[in-house]
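A.B. asks: the sequence and its predicted three-dimensional model are supplied below.
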Amino acid sequence: MQQISTKTLNMNVQKDLNFTWSTQAILFCAIIIACIGLNVDSAPVVIGAMLISPLMAPIVGIGYGLGNSNPKLLSKAARLFLIQVTIGIIGATIYFFILPLNTASAQLLARTEPTLWDVLIAFFGGFAGVISSAKKDGGNVVPGVAIATALMPPLCTVGYGISHLNASFILGAGYLFLINAFFIALATAAGTIFFRIRSGERLNVSLRQQVLIVIISIIIVIPSSISAYTIVHNSFVDTQLSQFINEKLSNQYIAKQNVDGKNIQISVIGQRLSASQVEQLQQSLKQYHLGDYQLSLTQLTKGNYITPKEFQDYMKQSDTNDTIQTNTNSADNASLTNVQNDIVKKYPKQISNIFVGQVQDKANHTISLIAIQLSDNGKGKATEIEKAATKTAANNNVNAVVRMMTPSQQGD
């Protein structure tokens, strides 16, 4: 069984706190690699960047300096930490400033809303790291801690925010980085104190220092706790809403569902519901613990057709995050693009426009939506075109629901 000693811990911490240009060059390379991974939404690339990053060393050094009551070591580690953070932010800012791909990926967005779980990951990851550092053969624990706590991505996201002058990205990612760094250091300090007590050393941590650390910890934790509660609450509402839709709107295609405050917005395509049926749906929300929410139901169909007026009103209200898209040239799936082109080629005079997007069926599966707007010449061929479009979609292996929009409905 391997022995854990404060001597080994001290040696491992001290050796990583020397300022060398090669280490800072490695950090700069790691930042650029992480930025690329975040930019192209590639988790393996981001993980690779975190593995080669030396950013953990000064954070562990700060925690060790606190736990060991060593002002000189604490100062040395803090200086190195500030230098590396500056290098990281500058590198990320330069990268995102000169890069033509400016859209925020899911990986970037994920670093803007820290939660209590980030606190727990950082603390227990830091504790695992200090235990590993106190062993002669620490194994692969420290690289694992670097991956789990994800120190690099928040710095990259801060750089993205600076390059795009986006305060929400800067503050959100900056706060996440602060959580990670602080609680890794705090866990390291706690681990150091534990090992010192275990080895029989006398502690000289003042009561003032202890109280200050506790106060700072509470201040940092509060916003993340609020964020965690919000996420848990939203997850519960989403789950209940999905159950409501599956059971009460099983014969409808869901074009859009969104919760805005206490307002549930649902856009459906399918059998037309009467006013009394909509009221029954509102009342049934109580069964799903959503009784204090107001249902806003938009029906995009009348009979077997999509009503252009309601559909166009819906499209105007939709933002870029909604599922239905009006630009037929921006379809994500090449097969769906082929379907559009084939239909238009076959009925060039009968079709004035085609809208594509995605909806959910009664099994909660996402399928494609093809909404065909007919011209005056195509009014009499609605059924033929609908069948042809459905067959064309099947031939291209596209699972799609086809709906027609006729000129006679424009005034509806």
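C.D. replies: Yes, it's here.
A.B. asks: wait, Gln282 sits on Leu295?
C.D. replies: Yes. Counting by Cβ atoms under 8 Å, Leu295 is a contact partner of Gln282 at 4.7 Å. Placement of C-beta: from N, CA and C, glycine included.
A.B. asks: show me how far the helix or strand hosting Lys256 is from its chain's centre.
C.D. replies: Here Lys256 is covered by strand 252-260, with elements defined by DSSP states H and E. When C-alpha coordinates are averaged (Cα atoms, centre = their mean, to the nearest Å), strand 252-260 and its chain have centres 20 Å apart.
A.B. asks: spatially nearest residue to Phe127, not counting backbone neighbours?
C.D. replies: What sits nearest to Phe127 in space, not counting adjacent residues and going by Cβ to Cβ, 6 or more residues apart in numbering, is Ala187, at 4.2 Å.
A.B. asks: buried residues of the helix or strand containing that neighbour, list them for me.
C.D. replies: Applying DSSP H and E as the criterion places Ala187 in helix 167-198. Buried positions in helix 167-198, judged by neighbour count with 16 or more other Cβ atoms under 10 Å: 169-170, 172-177, 179-196.
A.B. asks: now do the host helix or strand of Glu247 and helix 167-198, the angle between them.
C.D. replies: Using DSSP H and E, Glu247 maps to helix 207-248. Orientation of helix 207-248 against helix 167-198 (axes from the mean of the first three to the mean of the last three Cα atoms, to 10 degrees) gives an angle of 130 degrees.
A.B. asks: and helix 207-248, what does it pack onto?
C.D. replies: Here helix 207-248 touches helix 116-133, helix 167-198, strand 252-260, helix 275-284, going by 3 or more Cβ pairs under 8 Å, 6 or more residues apart in numbering; DSSP states H and E.
A.B. asks: can I get those in a markdown table with mean pLDDT?
C.D. replies: Shown next, in a markdown table, are those (pLDDT from 0 to 100):
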| stretch | mean pLDDT |
| --- | --- |
| helix 116-133 | 76 |
| helix 167-198 | 84 |
| strand 252-260 | 79 |
| helix 275-284 | 90 |
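A.B. asks: of all these, which one comes closest to Val356?
C.D. replies: With Cβ to Cβ as the measure, strand 252-260 is the member of these nearest Val356 (12.0 Å).
A.B. asks: so what's the gap between the helix holding Glu247 and the chain middle?
C.D. replies: Helix 207-248 sits 16 Å away from the centroid of its parent chain (Cα atoms, centre = their mean).
A.B. asks: let me see the mean pLDDT of it.
C.D. replies: Helix 207-248 shows a mean pLDDT of 80.
A.B. asks: thinking again about what came up before, list the contacts of the residue nearest to Phe127.
C.D. replies: Applying Cβ atoms under 8 Å, 6 or more residues apart in numbering, one finds that Ala187 lies in contact with 63, 122-127, 129-130.
A.B. asks: neighbour count and distance to Thr390 added to those, as TSV?
C.D. replies: As requested, these are arranged in TSV below (neighbours: other Cβ atoms under 10 Å; distance: Cβ to Cβ, whole Å):
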residue	neighbour count	distance to Thr390
Gly63	29	63
Ala122	28	53
Phe123	22	56
Phe124	16	54
Gly125	23	53
Gly126	29	57
Phe127	20	59
Gly129	27	58
Val130	29	63
